[in-house]
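Asks: Here's my sequence, what's the structure:
(2 chains)
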Amino acid sequence: MLPAIEVSSLLFEYPGVRALDDVSFSVAEGSVTALVGPNGAGKTTLLRCLAGLEEPLLGSITVSGVDVLEEPRAVHRRIGYLSDFYGLYDALTVRQCFAHAAAAHGVRDAALDAAVNRTAERLDLADLVARRAAELSRGQRQRVAIGQALIHDPQVLMLDEPASGLDPEARHSLALLFTRLAGEGMTLLVSSHILAELDEYSTHMLVMRQGRIIESKPLGGAASGTRQVRIVFAREVADLGAALAAIAGIRVLEAGARDALVEIAGDAQAQSEVLRALVLAGLPVTAFSAERENLHQSYLRTVAGRGQ
Amino acid sequence: MNPELRRNLWLELTLHRLVAVPVALGLILALVYKMGEPDPFQPMAVTAVSLFIAFALWGGVQAGDAVHGEVRARTWDGQRMSAIEPWSMTWGKLAGAPAFAWYGGALCLAAYLAVSPERTAPKMALFLAAGMVLLASIALVGSIVAGRKAVVRSPSSAWVLGIVLLFVGPWMSVLSASEADIAWWGRSWARLDFLLASTIVFAAWSVFGAHRLMSQELRVRTTPWAWVAFLLFVSAYIAGFGIRYHDTPGQKVNVVVIAGLVVSMATIYPLLFSEASGAMAVRRLLLRVAARDRRRLLEETPLWPVSLALAIVFCLLTVTLVGPRGSEEGFFRGVVLAPVPLVLLAVRDAALYMFFALARQPRRAEAATIFYLLLLYWLVPMLLRAAGAQGLSDLVLPPFWARPGFAAAVAAVQAGIVIAAALWRWRKNYGS
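Replies: Numbers count the residues shown, from 1 in each chain, chains lettered A, B, ... in the order given. Predicted coordinates:
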């Protein structure tokens, strides 16, 4: 299967600043990839290049099999993009905003109403379609902007800080929407500072720093063939880290006096064998449970691992 | 229906406006009718045309904000990513953004045609309509350029319209100054017919220009052939006013070459200050040259070097074609060498702009360039002349009419120095 997004050796500069420096990565179809990194890391520039709004100096970008640099117009029909600093037509109603976005993305006149209604339902905006955009709250405007980006059912949806301005309830519904869209086969690339929010729906993580990709990996370990396991002991174990490291198949991530977080390569059978080895080694195991590494932990570990 | 047109119609043509405009127009014309009795039709026609002009100006303001307003409102990225084709976007904005003005203007023209006693009323109405298309499309071009440059953060409409009137106004007033026929390319043309044809042709060029710029905005690549064609057309158009019936083919060529030189020189500066020509543009072009990618090189070259190249070509033609004939014709003897220092000074000025644009953090390169050009062309030479240092003044602003050979040498030295400075700054800031 072709990746939904494939980027190779991307170079982009502003006067005096190299915003993207030899950036290469690929995004699997149907995945939800969290694009994370500090301010100024190049996330927005990268998204704008992927969306065909900016042209890099060098490199290649393919989205849904189409070369973005050669055929940006063809790519625009296949993608949806929500900019960090988006705007709405304030004088139009939500219905008109959606209808214009749909028609502008090639939805036929006969299908406009259906597309508008479906999008309003998806974004919990059905009660607000007659209101002018200028009359909406910040969170409601954010949902309208997201609706405009996905009204034409793009193959790839790219969102720059989609949850900023949303209350916790709206964020949760957005997470559910993204999960549902990914389930329907849409590929999502989401940039955000709020890692906890991304954690709800992301399957992959792309970490940027100073214009470079420093990590690109699946989240949760399952897809990479490893699993994180939290082990709790009945009493304090002297030099627990060393004792665990001596067990084959274990990589120690954290070790306290009575508990540890380890990474175990392999499937459930491999975990069972590790547990057996722990008991045979005389370690007083009282709990042994798989633990999903959250995005925040993963990000911090990645950054720490790079000595940043 | 064109989505961009429909969006604009939602905003511009409300039911209230649709009803209010004909009612107001009817009331105004009724008032003029009563006041103008017993011969009310001429003043009614004048009123209708005056109101049309007001609508046309308002339409220009609206078209001038069509793109730049979207850049300000941060909706332009969404439009750039839409599936709307460049031509649909162009005419959707031209017809849609000033939709209210078109509506009011159409009603005024209909009233004018109904009441005007003049036999030429249909032609005049067509001329006015073409003039409004010309105005709106130039305003749209200005709007795209202003949005791209992002130099105007306040509403741009008035600014754009001011530029439009600055260029279109003198041309229109010269052509409509009297009622005599116009001599063009050695033939006599009825004034209104000539004005009508000129306005239609320039409106078509202007719409085409807006379409080319819109194509670039929507990421459709273009090469500069259309700009070259436009410059050649304008050169031939302007040359037509200087060509007399009995001119020989050689004399006609002389006039065309000099018109071409003037036109290409005149476009260098507005382009230089309105296009993106900084370090990133240079780096992009150098990469294309290194990759021998001629197509991309042409697509990504700004237009001012094209104008400059054309000016150099016309300068060489002036020296080689017009020059040999200069011994016979007094006028051409004077102008044959003057273009050489003028073109060299244009090269210097372009290099000066690039020097500022190639700063590590370029800020207001345009303003800095204009400031130093004012010093070089006006303040310093004037001050030196006032102090009696004519020789020094000639080294700053070479006397290209009186001593073109000396002026060419001075301009070449100046151009060389500024080019060297720009190259030094490039190597220092972007050399790696």
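Asks: what residue is smack in the middle of chain A?
Replies: Centroid check for chain A by Cα atoms, centre = their mean gives A:Ala34 as the closest residue, at 2.0 Å.
Asks: Would you mind listing the outside residues contacting the helix or strand encompassing that residue?
Replies: Using DSSP states H and E, A:Ala34 maps to strand A:32-36. Contact with strand A:32-36 is made by A:27, A:43, A:46-47, A:178-179, A:182, A:187-193, A:195, A:198-199, A:201-208, A:219, A:295, A:299, as judged by Cβ atoms under 8 Å, 6 or more residues apart in numbering or on different chains. In short, each C-beta sits where N, CA and C put it, glycine included.
Asks: tally of neighbours for the residue of the stretch 51-200 of chain A at minimum distance from chain B?
Replies: Using Cβ to the nearest Cβ, the closest approach of the stretch 51-200 of chain A to chain B is made by A:Gly87 at 3.1 Å. Using other Cβ atoms under 10 Å in any protein chain shown, A:Gly87 has 18 neighbouring residues.
Asks: got the contact list for it?
Replies: B:70, B:73-75, B:78.
Asks: which residues touch B:Ser188?
Replies: Contacts of B:Ser188 by Cβ under 8 Å, 6+ apart are B:181-182.
Asks: Just give me how far the strand holding A:Ala34 sits from the chain centre.
Replies: How far strand A:32-36 lies from its chain's middle: 2 Å, per Cα atoms, centre = their mean, to the nearest Å.
Asks: So what angle separates the directions of the helix or strand that comes right after that strand and strand A:32-36?
Replies: Following strand A:32-36 in sequence order, the next helix or strand is helix A:43-50 (DSSP H and E). Angle of helix A:43-50 versus strand A:32-36, following axes from the mean of the first three to the mean of the last three Cα atoms, to 10 degrees, is 130 degrees.
Asks: What is the neighbour count of the nearest residue to B:Thr267 once chain neighbours are set aside?
Replies: Among residues not flanking B:Thr267 along the chain, B:Ser307 sits closest, at 4.5 Å (Cβ to Cβ, 6 or more residues apart in numbering or on different chains). Residues within reach of B:Ser307, counting by other Cβ under 10 Å, total 26.
Asks: Return the distance of B:Ser307 relative to chain A.
Replies: As judged by Cβ to the nearest Cβ, to the nearest Å, B:Ser307 and chain A stand 24 Å apart.
Asks: and stretch A:100-119, which residues are buried?
Replies: By neighbour count, and taking 16 or more other Cβ atoms under 10 Å in any protein chain shown as the criterion, the buried residues in stretch A:100-119 are A:100-105, A:107, A:112, A:115-116, A:118-119.
Asks: which two in the residues you listed are spaced the farthest apart?
Replies: Largest separation among these by Cβ to Cβ: A:Ala104 and A:Arg118, giving 16.9 Å.
Asks: remind me which residues of the stretch 151-300 of chain A are low pLDDT?
Replies: Low-confidence segments of the stretch 151-300 of chain A (pLDDT under 70): A:220-225, A:292-297.
Asks: among the buried residues of stretch A:100-119, which are in reach of chain B?
Replies: Among these, the residues that sit close to chain B (Cβ under 8 Å from any Cβ of the partner chain) are A:100-101, A:103-105.
Asks: how many other residues sit next to whatever residue of the stretch 251-400 of chain B ends up closest to chain A?
Replies: At 4.5 Å from chain A, B:Arg360 is the closest residue in the stretch 251-400 of chain B, using Cβ to the nearest Cβ. Applying other Cβ under 10 Å, we find 12 residues neighbouring B:Arg360.
Asks: Hmm, B:Gly278 and it touching each other?
Replies: No: taking contacts as Cβ atoms under 8 Å, B:Arg360 lies outside contact range of B:Gly278: 11.1 Å.
Asks: tell me, what's touching the two both at once?
Replies: With Cβ under 8 Å, 6+ apart, B:Arg360 and B:Gly278 have common neighbours A:Pro15.
Asks: neighbours of residue 186, just the number please.
Replies: Going with chain A. A:Met186 has 21 neighbours, counted by other Cβ under 10 Å.
Asks: Actually, chain B is the one I wanted.
Replies: 12.
Asks: Contact partners for it?
Replies: Counting by Cβ under 8 Å, 6+ apart, B:Gly186 makes contact with B:243-247.
Asks: Provide the strand pairings for the strand holding A:Ala34, with the direction of each partner.
Replies: strand A:187-191 (parallel), strand A:204-209 (parallel) (DSSP bridges).
Asks: Tabulate the ones you listed in CSV, adding columns for mean neighbour count.
Replies: Putting those into CSV (neighbours: other Cβ atoms under 10 Å in any protein chain shown) gives the following:
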stretch, mean neighbour count
strand A:187-191, 25
strand A:204-209, 22
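Asks: which helix is the longest one in the chain?
Replies: Went with chain A since none was named. As assigned by DSSP state H, the longest helix anywhere in chain A is helix A:168-183.
Asks: oops, I was thinking of chain B
Replies: helix B:121-149.
Asks: Any buried residues in it, and which?
Replies: B:121, B:124-125, B:127-148.
Asks: check which helix or strand covers A:Gln96.
Replies: helix A:94-104.
Asks: Kindly calculate the angle that the strand holding A:Ala34 makes with helix A:168-183.
Replies: Going by the same axes, to 10 degrees, strand A:32-36 makes 130 degrees with helix A:168-183.
Asks: Could you give the average pLDDT over strand A:32-36?
Replies: For strand A:32-36, the mean pLDDT works out to 89.
Asks: ok, now stretch A:113-128?
Replies: 91.
Asks: next structured bit after the helix holding A:Gln96?
Replies: helix A:109-122.
Asks: Quick one: residues in contact with that next one.
Replies: Under Cβ under 8 Å, 6+ apart, the answer for helix A:109-122 is A:94-95, A:98-99, A:102-103, A:107, A:125-126, A:128-129, A:147, A:150-152, A:177, B:1.
Asks: Please save the CA atoms from it in PDB.
Replies: Extracted in PDB, the C-alpha atoms of helix A:109-122 (Å, rounded to 0.1, in the frame of the first residue of the first chain):
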ATOM      1  CA  ASP A 109     -24.900  21.800  -6.700                       C
ATOM      2  CA  ALA A 110     -27.300  18.900  -6.400                       C
ATOM      3  CA  ALA A 111     -25.200  17.400  -3.600                       C
ATOM      4  CA  LEU A 112     -24.500  20.700  -1.700                       C
ATOM      5  CA  ASP A 113     -27.400  20.400   0.800                       C
ATOM      6  CA  ALA A 114     -26.500  16.800   1.700                       C
ATOM      7  CA  ALA A 115     -22.900  17.800   2.200                       C
ATOM      8  CA  VAL A 116     -23.800  20.800   4.300                       C
ATOM      9  CA  ASN A 117     -26.200  18.800   6.500                       C
ATOM     10  CA  ARG A 118     -23.800  15.900   7.000                       C
ATOM     11  CA  THR A 119     -21.000  18.300   8.000                       C
ATOM     12  CA  ALA A 120     -23.200  20.300  10.300                       C
ATOM     13  CA  GLU A 121     -24.200  17.000  12.100                       C
ATOM     14  CA  ARG A 122     -20.600  15.800  12.300                       C
END
